[in-house]
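Enquirer: what would the 3D arrangement of this be:
(one chain, ligands or ions: 1)
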Amino acid sequence: MGKPSEKQGLRKGLTSYGDEGFSLFLRRAFIKGAGYTDDALSRPIVGIANTGSGYNPCHGNAPQLIEAIKRGVMLAGGLPVEFPTISIGESFAHPTSMYLRNLMSMDTEEMIRAQPMDAVVLIGGCDKTVPAQLMGAAVAGVPAIQLVTGAMLTGSHRGQRVGACTDCRRFWASFRGQEIDAHEIDEVNSQLVPTVGTCSVMGTASTMACIAEALGIMLPGGASAPAVTADRIRIAERTGATAVAMIGQKLTPERILTPDAFENALRVLLATGGSTNGIIHLTAIAGRLGIEIDLNEMDRMARETPVLVDLKPSGKHYMEDLHKAGGLTTVLRELRPLLHLDALTVTGRTLGEELDAAPASFAQDVVRPLHQPIFPQGGIAVLRGNLAPGGAIIKQSAANPELMEHEARAVVFENAEDLARRIDDPELDVQADDVLVLKNIGPIGAPGMPEAGYIPIPKKLATLGVKDMVRISDGRMSGTAAGTIVLHVTPESATGGPLALVRSGDRIRLSVTNRSIDVLVSDEELRQRAAARPPHAVAAQERGYRKLFLSSITQADKGCDFDFLAATEMTVKVPRPRD
Ligand code: FES
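Expert: As a prediction, the model looks like this:
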């Protein structure tokens, strides 16, 4: 490996002392204090974003991955240097992990820019980490490659296979419905997460891993290997080596994250029955590059993209089963006629070339053939109507078919506290065919758009065996959850969106066939209700990150990015309309 050019390695991004020679002299002196030789310091540098944290068990294998990445970097002639960034563990972040995603993206972008590195390996995994890293790295101007920690293995409870977090919710619902007792819910609590790694179903973490591979920003085959397998370690080693190769090829993110790549990613999101959160995150990543996700065109794409992957919560298998079935390659092979095969990947080869070079297919029952899908249309439908002029979504592949055309009375909860206070009240006026409405859990309302859209079935109905009801909110839902649940209602109620105007007793009509969601109240009545509401404003006493968040967060249809982080101009919409 020859000497790095002026702008490579330690010479990159010198600290400003007014004397470049002195800046480099000082930098070399300090890093030599850590024991590096001149030979090591002459190599191209691969930064490794270490997101290991005691508060993030989903990233519990980060130390082993870093060791393997370093091995790969050094085998390829580079110098690996790890650095920390924020880590976000889904169930350890208050008020919600989404509140911190943009902060992590800023941290990632700025630390890539600030420190000398010629390429960067991003170790993501838990739900918000991969989107945060891709949002940041997309515009940092340095070749970037995504690695994920990988899914956890499944556990066993009384002979039944279990895994986080679809089964967490299933068992908790059974406990609420008094089908299992306190002893059993304690027992299963120790089995749902049997290893480190990300949730074992097609939740948001698995969805984002598949999306990253489909975008071409991860090694082919990199999405599915479980966290505690040799395959995962080998992928990490190859990721390190690939990062070095990307330097020579100047494979910066904007060459990979193209409109074609985003269309491929949307196809994969739909065909995997992926998390609804995937739309928000893809919108935010694309938005950094001036690419707008068009919800209407995405709905058109959804109608022609079947769900092929039989994983919970839409199906029955787990991520380790997808890995044994050949991983995302098996899905991409089936989707081949619908994909842009010329899209470039981190290997420097196209998606089509990678599929041609992939191991041969074999018989398996996790990924269905294109002509024999698990669900005929894409998992996610986009709804509009007087309740959601800016759009709302429903994960139809995980919904109850009998509730997808439904008109009924609204039972309204004003916010998450109101819900917690009244949902299990035996006096709550609610029937099985009512529509549950939860306000003020949007990007600003909660704040942070928590995954509270999975409104629990009122206890008095759960104990009668009611498993699903139509539920509507401006919040999000965990990718591991299922039900007839309308999410991301835009604009949100906290800013005066129509959802804020709904009252208990109003009638609401949901038609997934017509892609509509309406409150059956006259325009005049809605105008009067709106006029009676105080205008939305950020309170004067807010400060710090919370003030930045409340002042800058965009709505779900814009990816909930901060307005000053998205590209100043959107130059292309995807999916692009078909001729
Ligand atoms: Fe981290 Fe599910 S909680 S991936």
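Enquirer: the strands in the stretch 51-200 of the chain, which residues?
Expert: 79-84, 119-124, 144-148, 155-157, 160-162 (DSSP state E, counting those that start in this stretch).
Enquirer: close to the ligand, is the third one?
Expert: Translated: strand 144-148. No. Strand 144-148 does not reach the ligand (C-beta under 6 Å from any ligand atom); its nearest approach is 9.7 Å. Heads up, the C-betas are built off the backbone N, CA and C, glycines and all.
Enquirer: packing partners for that strand?
Expert: strand 119-124, helix 129-137, helix 204-215, helix 230-248 (3 or more C-beta pairs under 8 Å, 6 or more residues apart in numbering; DSSP states H and E).
Enquirer: do you know which of those lies nearest the ligand?
Expert: With C-beta to the nearest ligand atom as the criterion, the ligand lies closest to helix 204-215 of the helices and strands packed on strand 144-148, at 3.5 Å.
Enquirer: is that closest one in proximity to the ligand?
Expert: Yes. Using C-beta under 6 Å from any ligand atom, we find that helix 204-215 touches the ligand at residue 205.
Enquirer: going forward, count from 507.
Expert: Sounds good: first residue 507 from here, last item helix 710-721.
Enquirer: run the angle between that helix and strand 625-630 for me.
Expert: Interaxial angle, helix 710-721 versus strand 625-630 (axes from the mean of the first three to the mean of the last three C-alpha atoms, to 10 degrees): 150 degrees.
Enquirer: what count of nearby residues applies to residue 1007?
Expert: Residue 1007: 22 surrounding residues under other C-beta atoms under 10 Å.
Enquirer: could you count how many residues lie near the nearest residue to it once chain neighbours are set aside?
Expert: Computed as C-beta to C-beta, 6 or more residues apart in numbering, the closest residue to residue 1007 that is not its neighbour in sequence is residue 1035, at 4.3 Å. Residues lying near residue 1035 (other C-beta under 10 Å) number 15.
Enquirer: which element is residue 1035 on?
Expert: For residue 1035, the host element (DSSP states H and E) is helix 1029-1037.
Enquirer: pLDDT below threshold where in the protein?
Expert: Residue ranges of the chain with pLDDT under 70: 507-512, 1085.
Enquirer: what residues does it put near the ligand?
Expert: Checking the chain against the ligand by C-beta under 6 Å from any ligand atom, the hits are 564, 596-597, 632-633, 671, 704-705, 709, 711.
Enquirer: make CSV out of those and add neighbour count.
Expert: Shown next, in CSV, are the residues of the chain next to the ligand (neighbours: other C-beta atoms under 10 Å):
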residue, neighbour count
564, 32
596, 25
597, 14
632, 29
633, 32
671, 23
704, 30
705, 30
709, 29
711, 34
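Enquirer: between those residues, which is closest to residue 1001?
Expert: residue 633 (24.6 Å; C-beta to C-beta).
Enquirer: now do the contacts for the closest one.
Expert: 594, 596, 603, 704, 709-711, 714, 783, 985 (C-beta atoms under 8 Å, 6 or more residues apart in numbering).
Enquirer: the residues of the chain next to the ligand in helices, which ones?
Expert: Counting by DSSP state H, the residues of the chain next to the ligand place residue 711 in helices.
Enquirer: distance check, residue 882 against residue 812.
Expert: Distance, residue 882 to residue 812, using C-beta to C-beta, to the nearest Å: 5 Å.
Enquirer: same drill for these two, tell me which one is more crowded.
Expert: residue 812 (25 against 11).
Enquirer: got the end-to-end distance for stretch 817-832?
Expert: Start and end residues of stretch 817-832 are separated by 14 Å (C-alpha to C-alpha, to the nearest Å).
Enquirer: mind listing what's buried in that stretch?
Expert: 817-821, 823-829, 831-832 (16 or more other C-beta atoms under 10 Å).
Enquirer: burial check on the residue of the stretch 857-1006 of the chain found nearest the ligand, number of neighbours?
Expert: Among the residues of the stretch 857-1006 of the chain, residue 986 lies closest to the ligand, at 7.0 Å counting by C-beta to the nearest ligand atom. Using other C-beta under 10 Å, residue 986 is surrounded by 29 other residues.
Enquirer: that one and residue 669 touch, don't they?
Expert: No. Between residue 986 and residue 669 there is no contact under C-beta atoms under 8 Å: 9.0 Å.
Enquirer: what do these two both touch?
Expert: Joint contacts of residue 986 and residue 669 (C-beta under 8 Å, 6+ apart) are 705, 707, 818.
Enquirer: OK, contacts around the residue of the stretch 857-1006 of the chain closest to the ligand?
Expert: Applying C-beta under 8 Å, 6+ apart to residue 986 gives the contacts 670-672, 674-675, 705, 707, 709-710, 781, 818-819.
Enquirer: and if you look at residue 572?
Expert: By C-beta under 8 Å, 6+ apart, the residues touching residue 572 are 554, 556, 558, 588, 629, 742.
Enquirer: which stretches of the stretch 807-956 of the chain form helices?
Expert: 825-830, 834-841, 857-863, 922-928 (DSSP state H, counting those that start in this stretch).
Enquirer: nearest to residue 878 among these would be which one?
Expert: helix 834-841 (9.8 Å).
Enquirer: quick one: the closest one to chain centroid distance?
Expert: Put simply, helix 834-841 sits 20 Å off its chain's centre (C-alpha atoms, centre = their mean, to the nearest Å).
Enquirer: equivalent analysis for stretch 735-751, please.
Expert: 22 Å.
Enquirer: give me the buried positions along that stretch.
Expert: By neighbour count on 16+ other C-beta under 10 Å, the buried set for stretch 735-751 is 735, 738-739, 741-751.
Enquirer: and stretch 578-595, by the same measure?
Expert: Here stretch 578-595 shows 578-580, 582, 584-588, 591-595 as buried, counting by 16+ other C-beta under 10 Å.
Enquirer: what does stretch 835-851 give?
Expert: Buried residues in stretch 835-851, counted by 16+ other C-beta under 10 Å: 835-841, 844-847, 849-851.
Enquirer: again, but for stretch 683-703
Expert: Under 16+ other C-beta under 10 Å, the buried positions of stretch 683-703 are 683, 686, 694, 697-703.
Enquirer: now do stretch 960-975
Expert: Neighbour counts over stretch 960-975 (16+ other C-beta under 10 Å) mark 960-968, 972, 975 as buried.
Enquirer: now, these that are in helices?
Expert: Using DSSP H, these in helices are 965-968.
Enquirer: export those residues to a markdown table and tack on distance to residue 654?
Expert: What follows is those, written out as a markdown table (distance: C-beta to C-beta, whole Å):
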| residue | distance to residue 654 |
| --- | --- |
| 965 | 38 |
| 966 | 42 |
| 967 | 38 |
| 968 | 35 |
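Enquirer: which one of the residues you listed is nearest residue 937?
Expert: Nearest member of these to residue 937, counting by C-beta to C-beta, is residue 967, at 7.8 Å.
Enquirer: my understanding was that that closest one contacts residue 935; is that so?
Expert: No. With contact defined as C-beta under 8 Å, residue 967 does not count as touching residue 935 (11.8 Å).
Enquirer: what is in contact with these two at once?
Expert: Counting by C-beta under 8 Å, 6+ apart, nothing touches both residue 967 and residue 935.
Enquirer: isn't residue 915 up against residue 1012?
Expert: Yes. Using C-beta under 8 Å, residue 915 is in contact with residue 1012, at 7.5 Å.
Enquirer: who has more neighbours, these two?
Expert: residue 1012 (19 against 15).
Enquirer: now the more buried one, nearest residue through space, not along the chain?
Expert: residue 916 (4.7 Å).
Enquirer: what is the burial count for the one you found?
Expert: Neighbours of residue 916 using other C-beta under 10 Å come to 21.
Enquirer: still on that earlier bit, quick check: the farthest pair among the buried residues of stretch 817-832?
Expert: 819 and 832, at 21.6 Å, using C-beta to C-beta across those.
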